[in-house]
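Chemist: fold the following.
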Amino acid sequence: MIAYNKQSLDNLYMREQLEDAFLKNQISMEELKKCKEKYPVNLYTPNVFVRIGLFVLTIVIVLFSLGLIGLITSIGGSDSFTGLLIFFAAIAYGVLEFMIRSKKHFKSGVDDALMWMSAIFIIVAFNLNGNMEALENSILVFVIASYFTVRFLNMIMSAIASFALLAVIFFAYIKLGEFAKATTPFLIMAVALAMYFLTAKKSNQEGKNYYESCLLMTEIVSLACFYIAGNYFVVREVSISMFNLNLKDGESVPFEWIFWIFTVAVPFIYLAKGILKKNILLIRMGLILIAAVVFTVRYYYHVLPAETAMIIGGIITIAIAYALKKYLNEPKSGFTDEQNTEHSFTAKQLEALLIAQTLGHAKIETTDGNATEFGGGSGGGGGAGGEF
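Modeler: Alright, predicted model coming up:
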């Protein structure tokens, strides 16, 4: 299902791990070069500036071609333009597959632009040809974003698919009546929490995971939506604007105290859980959401001027971050403030890799939590052979 060559993705993954080990001074430059020779990558991935330039250039070419053909064919009316958009969506997708298979493009800017243009053309075409409701649009976006996530390993598409799934549940549930509207926040919180645990479990599985970055993005969206769904400001404003809830001065939404407790407590729960579970994502989300707590409280209770409230919120966030850094400066059960990746090499795996490359083995495969498998030769024992 993945459009890219899996062997190239495996080699790219191995190179990233080796470069990370080099930056940590675990291997030398010579060792890094020797290991990279064993894992060639034939994917075209330019630097960020070239990628942006190719992205913009591809969009300009596609839009210019769309406008030119529209003028030549003298298209008039929504039906004709809808057909043209669907045609260009198919052309963009076909060129995308060609560029990946034949030209080996991988996050080059060209493939990014073609993917986004194909998706946007389809969505616009469906909306031009009928009055699509929010629920129908959410389903359409979810299907398209999910496919592009699975096919092209795109992180942003995975985030959009996660948002779209929650939107589908939201718009479908509120059609059930007043009781559904009153309990919508609790349903979205439950679904977001389930999404987080499912993706976290999947991302923690041993072995290579081509969707690791996509799963990480889904975790971020799930944690953010879990908090947003129960934030007092969001609940109150959505109830007024979308559900036509009439509130008098001083009157609040039902279950007000639950949402206020949730608004204030969840960021600190994220922080505590992040420290206990050694999860840097929870820690960062907790620190970011503290600012949301300050904003929400300040919006309804004007105790301090806005500038003062922002300064106090910033001081609190910086103080907590500094305290965590000092606390984790010394290892706490293997958890420190140093940057680390969950799927990075262990010391034994790195040592085995270097021994194998030194002895000239053809290839090895290293996966998280698994023993390193060697090819034939005299160095495949418990450590190294005599020639080492």
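Chemist: wait, residue 107 touches residue 51, no?
Modeler: Yes - when contacts are counted by CB atoms under 8 Å, residue 107 is listed as touching residue 51 (6.9 Å). All C-beta atoms are positioned from the backbone trio N, CA, C, and that covers glycine.
Chemist: give me the number of residues near the nearest residue to residue 226 once chain neighbours are set aside?
Modeler: In space, and not counting its chain neighbours, residue 226 is closest to residue 192: 4.0 Å by CB to CB, 6 or more residues apart in numbering. Neighbourhood size, residue 192 [other CB atoms under 10 Å]: 23.
Chemist: so which elements touch the helix or strand residue 192 falls within?
Modeler: Applying DSSP states H and E as the criterion places residue 192 in helix 178-203. Packing partners of helix 178-203 (3 or more CB pairs under 8 Å, 6 or more residues apart in numbering; DSSP states H and E): helix 155-173, helix 212-230.
Chemist: now do the buried residues in the last one.
Modeler: Neighbour counts using 16 or more other CB atoms under 10 Å place 212, 214-230 of helix 212-230 among the buried residues.
Chemist: circling back: redo the helices and strands packed on helix 178-203 as JSON lines? Include mean pLDDT and distance to residue 8.
Modeler: Formatted as JSON lines, those follow (pLDDT from 0 to 100; distance: least, CB to CB, whole Å):
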{"stretch": "helix 155-173", "mean pLDDT": "96", "distance to residue 8": "19"}
{"stretch": "helix 212-230", "mean pLDDT": "94", "distance to residue 8": "16"}
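Chemist: mind listing what residue 73 touches?
Modeler: With contact set as CB atoms under 8 Å, 6 or more residues apart in numbering, residue 73 has these partners: 80, 84.
Chemist: quick one: it from residue 80, how far?
Modeler: Residue 73 sits at a distance of 8 Å from residue 80 (criterion: CB to CB, to the nearest Å).
Chemist: next, format the helices and strands packed on helix 178-203 as JSON lines and append distance to residue 60.
Modeler: Below are the helices and strands packed on helix 178-203 laid out as JSON lines (distance: least, CB to CB, whole Å):
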{"stretch": "helix 155-173", "distance to residue 60": "21"}
{"stretch": "helix 212-230", "distance to residue 60": "28"}
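Chemist: mutual contacts of residue 107 and residue 51, please.
Modeler: Both residue 107 and residue 51 are contacted by residue 45, under the criterion CB under 8 Å, 6+ apart.
Chemist: circling back to that earlier point, now do the residue nearest to residue 226 against residue 216, distance only.
Modeler: 16 Å.
Chemist: return the distance of residue 170 relative to residue 135.
Modeler: Separation of residue 170 from residue 135 (CB to CB): 9 Å.
Chemist: who has more neighbours, those two?
Modeler: Ranked by neighbour count (other CB under 10 Å), residue 170 and residue 135 place residue 170 first, with 21 against 17.
Chemist: ranges for the strands of the stretch 1-150 of the chain?
Modeler: Using DSSP state E, counting those that start in this stretch, no strands are found in the stretch 1-150 of the chain.
Chemist: where does pLDDT dip in it?
Modeler: By pLDDT under 70, the weakly predicted segments of the stretch 1-150 of the chain are 74-78.
Chemist: at 50 what do you get?
Modeler: Of all residues in the stretch 1-150 of the chain, none has pLDDT under 50.
Chemist: where along it do the helices fall?
Modeler: Along the stretch 1-150 of the chain, the stretches classed as helices by DSSP state H, counting those that start in this stretch are 6-23, 29-38, 48-72, 78-101, 110-128, 134-152.
Chemist: winner for burial among the ones you listed?
Modeler: Among those, helix 110-128 has the highest mean neighbour count (mean count of other CB atoms under 10 Å), at a mean of 20.
Chemist: list the contacts for residue 181?
Modeler: Shown in contact with residue 181 (CB under 8 Å, 6+ apart): 174, 239, 243.
Chemist: quick one, what contacts the second one?
Modeler: In this case it means residue 239. Contacts for residue 239 were tallied using CB under 8 Å, 6+ apart; they are 181, 245, 253.
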